[in-house]
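Novice: have a look; sequence and predicted model below, questions after that.
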Amino acid sequence: MKGILGLSFLFIFLTQLYSQSINDPAKALPDSIDGWKKLGEDRLFNDTNLYDYIDGAAELYISFGFSKVFNRIYSAGSGKEIVVDIFYMNTSRDAFGAFSFSVGKTGNDFGVQSQISPGAIVFWKNNFVVSIVENPETEESKKIGHKIAHAIDEAIKEKGSYPEILKYLPAENLDVQSIRYFRHYVWLNTYTFLSSENILNINQNVHGVFAKYGDKSKLILMLIKYPGNQEAVIAKEKFRVNYYKGLKTKEVIKAKDGKYNALNVEKNFLYAVFSAANESDAKTIMNRVKETINRFDQQNK
């Protein structure tokens, strides 16, 4: 009996340890690493005080929803610091969404996707976004930064998943680096100005994505998934009144700048094209979106 109880306690302990590594990757960080020591106390931020810490980027994380931000600074003296931030997002799609607005070339050195730039590493995995910033960047700090990234990456056991709406993006001529996923109307002006108001009734039950297509003269596709067809139709009419003032029954119109825009609804999706070089390009991508929506709809039946 004692042996069985012992195994039971061991199983519970290992289960808790495994869950902890997934839910709290900050615990994987050592207090010191190769001479770099933790500077001061770790800090935690939430949506009420995040602006005090990262004023410029706070709105991005708040718009996707998160529970907390863990902050630790490592120091090697003489002004050498490495700042580690771990954002605990609500879901993996929110982590991807926040990461998707990072500027830089995306790779997979860490997590599911990562961006490595001079003096900085950013990656997402499961429901976490991790930022590691070296100040200043040196060969030594770069080495330590990579070790920290590896430790956090290994502590997060599950990869998480991409937002479902991404599968509705037509693959041909898609600029993968341009994908921006959003669930708040503040991001409607990501690639072109649409409105400072919520003219598309965006809320947390609505999933949107922007992407660019083409090689040189890239057109912009906006694809938004609503809970039902009625919401999509209402949003289309509201958008038409506020943005496509001259659009009545036409799907494609020529804008004042000589480029072509398009707007339509299919099932519970609203989709629009901006800045197409010609009417044919606008119609082509609109048709591909419609076909993709209907294809996946048939597969899911």
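Specialist: Yep, it's here.
Novice: contacting residues around the most centrally placed residue in the chain?
Specialist: Taking Cα atoms, centre = their mean, the centroid of the chain lies closest to Gly97, which sits 1.6 Å from it. Applying Cβ atoms under 8 Å, 6 or more residues apart in numbering, we find Gly97 in contact with 64, 163, 181-183. Placement of C-beta: from N, CA and C, glycine included.
Novice: ditto for Phe123
Specialist: Shown in contact with Phe123 (Cβ under 8 Å, 6+ apart): 99, 109-115, 129-130, 149, 153.
Novice: is the nearest residue to Ala120 once chain neighbours are set aside in a helix, a strand, or coil?
Specialist: Using Cβ to Cβ, 6 or more residues apart in numbering and skipping residues adjacent in sequence, the residue nearest Ala120 is Val133, 5.0 Å away. Here Val133 is recorded as strand under DSSP: H, G, I helix; E, B strand; the rest coil.
Novice: what residue ranges in the chain score low on pLDDT?
Specialist: 1-22, 245-249, 301 (pLDDT under 70).
Novice: ok now the helix or strand where Ile62 lies, how far from the chain's centre?
Specialist: In this assignment (DSSP states H and E), Ile62 forms part of helix 58-64. Averaging C-alpha positions (Cα atoms, centre = their mean, to the nearest Å) puts helix 58-64 11 Å from its chain's average.
Novice: who touches that helix?
Specialist: Under Cβ under 8 Å, 6+ apart, the answer for helix 58-64 is 47, 50-51, 69, 87, 89-90, 94-95, 97-98, 101, 129, 182-184, 186-187.
Novice: redo that, cut-off 6 Å
Specialist: 47, 50-51, 87, 94, 97-98, 101, 184, 186 (Cβ atoms under 6 Å, 6 or more residues apart in numbering).
Novice: among the contacts of Phe123, name the buried ones.
Specialist: With burial judged by 16 or more other Cβ atoms under 10 Å, the buried subset of these is 99, 110-115, 129-130, 149, 153.
Novice: now the lengthiest strand in the chain: buried residues?
Specialist: Counting residues, the longest strand in the chain under DSSP state E turns out to be strand 66-77. Of the residues in strand 66-77, 66, 69-76 count as buried by neighbour count, 16+ other Cβ under 10 Å.
Novice: residue boundaries of the helices in the stretch 51-200 of the chain?
Specialist: Counting by DSSP state H, counting those that start in this stretch, one finds helices in the stretch 51-200 of the chain at the ranges 58-64, 92-100, 139-155.
Novice: from those, which stretch is densest packed?
Specialist: Highest mean neighbour count among the helices of the stretch 51-200 of the chain (mean count of other Cβ atoms under 10 Å): helix 92-100, with a mean of 25.
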